[in-house]
Each structure stands twice: as C-alpha cells, then as structure tokens.
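Chemist: just a sequence and a predicted model for now, questions to come.
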Amino acid sequence: MDNENKRHRGVVLLMVVFVVSLLATVVMGMLEINTEEIQLMQNHVCATEALATTEAGLEDALMCLRLDKNWEDGFDGKSFNGGSYTVTVGGNTITSAGTTARGFTARVEADFTASGVLLPYTIRINALRINE
C-alpha cells in the first residue's frame, strides 16, 4: 500500500506540473496579444494626431486665402501641438504635410476655388486627397 501511495503522489505531481505549465502558456499568450493590441492602439493614436496636425495646416492656409485669395506664401515648419506642419500653395492646390513630435507624418492635398469680391473671400474645396 505504501508503494501504491507513492505512485499516486507521483502521478498527481506530474498532473500538477502539466496544469501549471499549461496555465503559464495561456497567460503568456494572453500577454502577447494584449501587448500587440496596445501597440496597434498607440499607432492609431499617433496617426490620428499626425492627420490632425496636417489638417491644422490646411485650415491655417484656408484662413489666409479667405483674407487674400492670391496668397501663396505657405508655411515652413510651423509649430503645432508639439509637432509641425508645412504648407505649400500652388495654383489652386494646397498641400499640407504634418509631423508629430514622435515622427508620425500625414499629408493632405486640397484643390480649391476662390471667389468673391469682398472680404472674407469664399473658398470652396473641390477635391481632397488624404495620404495619397
């Protein structure tokens, strides 16, 4: 009976080791999945921040065009929210490129038409291209 108890204890010990290793594997897998999801979320937040910076440059250019429909000076590295944007105006196209403090970038191009004879001029966006 003494040998039989030792055998049962040995089997139980093996089962406990197997269950613990199985649980550890499951926990490590869940941690890996959570880490990847957090990284994806951070990338999405940074990309959205870059697009917001770029759109701020576009809005800044539209404001200048409302005051002077022949404005073509643009902006070079204008600070915004810890990052910056660069805007060029050529013909009837505004190009805005934004960069965040973390180095994420986005780009927007807008084809526009300026009209009116009194301030503020009417600016109509005919086409908008984002990150093309």
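Modeler: Here it is on my side, so go on.

Chemist: which stretches of this structure form strands?
Modeler: Read by DSSP state E, the chain holds these strands, from start to end of the chain: 75-80, 83-90, 93-99, 105-115, 122-130.

Chemist: of all those strands, which one is nearest residue 18?
Modeler: Counting by Cβ to Cβ, residue 18 lies closest to strand 105-115 out of those; the figure is 50.3 Å. Every C-beta, even on glycine, is put in place using the N, C-alpha and C of the backbone.

Chemist: with just CA atoms, put that closest one into PDB.
Modeler: Only the C-alpha atoms of strand 105-115 are listed here, as PDB (Å, rounded to 0.1, in the frame of the first residue of the first chain):
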ATOM      1  CA  THR A 105       3.500  62.000 -40.700                       C
ATOM      2  CA  ALA A 106       0.400  62.700 -42.800                       C
ATOM      3  CA  ARG A 107      -0.300  64.600 -46.000                       C
ATOM      4  CA  VAL A 108      -3.400  66.300 -47.400                       C
ATOM      5  CA  GLU A 109      -3.900  67.900 -50.700                       C
ATOM      6  CA  ALA A 110      -6.900  70.100 -51.500                       C
ATOM      7  CA  ASP A 111      -8.000  71.600 -54.800                       C
ATOM      8  CA  PHE A 112      -9.900  74.800 -54.200                       C
ATOM      9  CA  THR A 113     -11.600  77.700 -55.900                       C
ATOM     10  CA  ALA A 114     -11.500  81.200 -54.500                       C
ATOM     11  CA  SER A 115     -14.400  83.600 -55.300                       C
END
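
Chemist: each with direction, which strands does it pair with?
Modeler: Using DSSP bridges, the strands paired with strand 105-115 are strand 93-99 (antiparallel), strand 122-130 (antiparallel).

Chemist: just those strands: most buried one?
Modeler: The densest packing among these, expressed as mean neighbour count by mean count of other Cβ atoms under 10 Å, is seen in strand 93-99 with a mean of 21.

Chemist: angle of that strand against strand 83-90?
Modeler: Following axes from the mean of the first three to the mean of the last three Cα atoms, to 10 degrees, one obtains 160 degrees for the angle between strand 93-99 and strand 83-90.
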